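Asker: coordinates only, sequence not included:
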């Protein structure tokens, strides 16, 4: 009996083949990079550096460096990458990305003098591509507001609301808190995606802030 005849006359063979096709399709879907909702997101390349060294331009450059690293750490992630975690107790890659999104909100709120009612630790039900877009846009808005805002960094602060109490932290805490924490977690995303079989683009040069061809 030929293979064609077996498929035609045997429901069992047909069922096995259909199941195999579904498994293969699901595996391919998990391995496909997740497209961003827009073609061009900020920080694909690091912005030009300022002409002068000031406290404000140095802080802007720190945000630029974070944005560039985050862009490429999260570029071409797949569903398999997002679900990866090194131990049962650890965050998954996507949960780590949720945390970075929360931290980016704290950064931009400091530039807008907005009160934070959430800690930045929360998870998000948004699609990954939307979370990535929002994080990059938060960092872009923060650096733009900083560049056009007051030169005196005392004008900015982190404000946390807890019930009726508002706690204020100076810009120093923004540096050693949300900014450095976000950079730490971006490094985790890079490490996690390497472990899940999808390492970061090897042509990314964090020294020059460019990507080779």
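Answerer: Alright, I've got the coordinates. Because the structure is predicted, anything quoted here is derived from the model rather than measured.

Asker: Going along the chain, name the strands of this protein.
Answerer: 115-116, 157-162, 165-170, 204-205, 210-211 (DSSP state E).

Asker: Next, format the ones you listed as TSV and append distance to residue 196 and mean pLDDT.
Answerer: The C-beta positions use only the backbone N, C-alpha and C, and glycine is treated the same way. What follows is the strands of the chain, written out as TSV (distance: least, C-beta to C-beta, whole Å; pLDDT from 0 to 100):
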stretch	distance to residue 196	mean pLDDT
strand 115-116	32	94
strand 157-162	33	93
strand 165-170	35	95
strand 204-205	18	95
strand 210-211	21	92
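
Asker: Tell me which of the ones you listed sits nearest to residue 138.
Answerer: Closest to residue 138 of the strands of the chain is strand 115-116 (C-beta to C-beta; 12.6 Å).

Asker: Count the residues that sit near residue 104.
Answerer: 28 (other C-beta atoms under 10 Å).

Asker: Make CSV out of the strands of the chain and add distance to residue 177 and mean neighbour count.
Answerer: Converted to CSV, the strands of the chain look like this (distance: least, C-beta to C-beta, whole Å; neighbours: other C-beta atoms under 10 Å):
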stretch, distance to residue 177, mean neighbour count
strand 115-116, 11, 16
strand 157-162, 7, 16
strand 165-170, 7, 11
strand 204-205, 26, 16
strand 210-211, 29, 15
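
Asker: which one is residue 132 nearest to, not counting chain neighbours?
Answerer: residue 74 (5.1 Å; C-beta to C-beta, 6 or more residues apart in numbering).

Asker: Distance of the one you found relative to residue 50?
Answerer: To residue 50, residue 74 is 26 Å away according to C-beta to C-beta, to the nearest Å.

Asker: Show me which of the two is the more surrounded one.
Answerer: residue 74 (27 against 14).

Asker: quick one, what contacts the more buried one?
Answerer: Going by C-beta atoms under 8 Å, 6 or more residues apart in numbering, residue 74 touches 97, 132, 189.

Asker: Which single one of the residues you listed is nearest to residue 112?
Answerer: residue 132 (21.1 Å).

Asker: surely that closest one meets residue 98?
Answerer: No - here residue 132 lies out of contact with residue 98, judged by C-beta atoms under 8 Å, at a distance of 11.0 Å.

Asker: before we move on, back to that, who wins for most neighbours among the contacts of residue 74?
Answerer: Ranked by neighbours (other C-beta under 10 Å), the contacts of residue 74 are led by residue 97, which has 27 neighbours.
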